[in-house]
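Novice: what follows is a predicted structure for the sequence shown.
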Amino acid sequence: MSDEFQVADATRAIEGILMVAIEPVPVEVIAQLLEIPVATVDTIVESLQSFYDESHRGFQLVRVAGGLRLQSHPDVSPYVERFVLDGQRARLSAAALETLAIIAYKQPISRLQIASIRGVDPDAVLRTLQGRGYVEQRGRDDGPGQAVLWGTTPLFLEKLGINSVDELPPLAEFVPDAAIVEALEATLRITPIESDGAGADGAPTSDG
């Protein structure tokens with residue numbers, strides 16, 4: 001069998017594997033299954049990515065959470081979201097999303113550290129996030145009490161469509177510019193009215 005046919009068979013096999021995979025499949029796993037070098041898998045993946053993009057397909061081949069996955073193209077996301085959200089179980093609450101964001105950017109982080117940032121006990125929210133599979137225990141702190149440290153999971157990366165937390169947008173993008181903060185403070189600052197000996201109605205006040 002020629003190399004051309006081997007690549008064609010491997011390409012079809014990769015598509016078939018990714019089509020039924022529930023989670024992202026590492027390149028190394030595919031290479032072992034097909035008994036071909038990792039470099040060959042990478043070459044085929046790059047070729048498929050270009051082919052799908054040039055063909056304007058409604059899906060794309062991406063690298064997320066340390067593996068490969070076929071997913072819908074961002075261009076069709078409005079329609080996919082409409083389909084997925086129809087009958088979907090309850091969404092995460094604002095408190096859960098806020099806690100998840102704190103863990104994502106500050107991980108590994110303890111429950112007390114999360115509480116100090118949010119100002120409320122995060123136990124219930126942590127149980128929800130852990131139950132959904134978005135966060136997990138990452139070990140224990142070396143300090144007194146050896147508090148449990150929390151971090152995000154591969155499922156969290158998969159849901160966001162990123163390969164690592166390093167791809168999260170910088171926090172600076174969500175923090176107002178210093179000049180804006182200063183202007184807001186100046187606008188909202190209450191300047192005390194100095195007493196000039198007159199009452200609220202303009203009448204002179206009495207010392208006695």
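Specialist: Here it is on my side, so go on.
Novice: can you map out the strands along this protein?
Specialist: Remark: strands assigned in the chain by DSSP state E are 59-64, 67-72, 109-110, 135-140, 148-152.
Novice: Throw those into a markdown table and include mean neighbour count, mean pLDDT and distance to residue 52, thanks.
Specialist: (C-beta placed from N, C-alpha, C; glycine too.) Rendered in a markdown table, the data for the strands of the chain read as follows (neighbours: other CB atoms under 10 Å; pLDDT from 0 to 100; distance: least, CB to CB, whole Å):
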| stretch | mean neighbour count | mean pLDDT | distance to residue 52 |
| --- | --- | --- | --- |
| strand 59-64 | 18 | 93 | 5 |
| strand 67-72 | 19 | 93 | 9 |
| strand 109-110 | 20 | 92 | 38 |
| strand 135-140 | 15 | 91 | 32 |
| strand 148-152 | 20 | 94 | 28 |
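Novice: can you list these in TSV and add distance to residue 91?
Specialist: Formatted as TSV, the strands of the chain follow (distance: least, CB to CB, whole Å):
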stretch	distance to residue 91
strand 59-64	21
strand 67-72	19
strand 109-110	23
strand 135-140	17
strand 148-152	18
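Novice: which one of those lies nearest to residue 32?
Specialist: strand 67-72 (13.3 Å; CB to CB).
Novice: contacts for that closest one, please.
Specialist: By CB atoms under 8 Å, 6 or more residues apart in numbering, the list of residues contacting strand 67-72 from outside reads 14-15, 18-19, 21, 23-27, 29-30, 45, 58-64, 80, 158, 161.
Novice: do stretch 134-152 as well
Specialist: Residues outside stretch 134-152 that contact it (CB under 8 Å, 6+ apart) are 100, 103-104, 107-112, 114, 126, 129-130, 153, 155-156, 159, 165.
Novice: any quick ChimeraX command for the buried ones out of those residues?
Specialist: Only the buried members of the contacts of stretch 134-152 enter the following ChimeraX selection, criterion being 16 or more other CB atoms under 10 Å:
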select :100,103,104,108,109,110,114,126,129,153,155,156
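Novice: so how do I select the buried members of the contacts of strand 67-72 in ChimeraX?
Specialist: The following ChimeraX selection, which keeps only the buried ones among the contacts of strand 67-72, applies the criterion 16+ other CB under 10 Å:
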select :14,18,24,25,26,27,30,45,60,61,62,64,158
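Novice: tell me which residue lies nearest the centroid of this structure.
Specialist: residue 160 (5.0 Å; CA atoms, centre = their mean).
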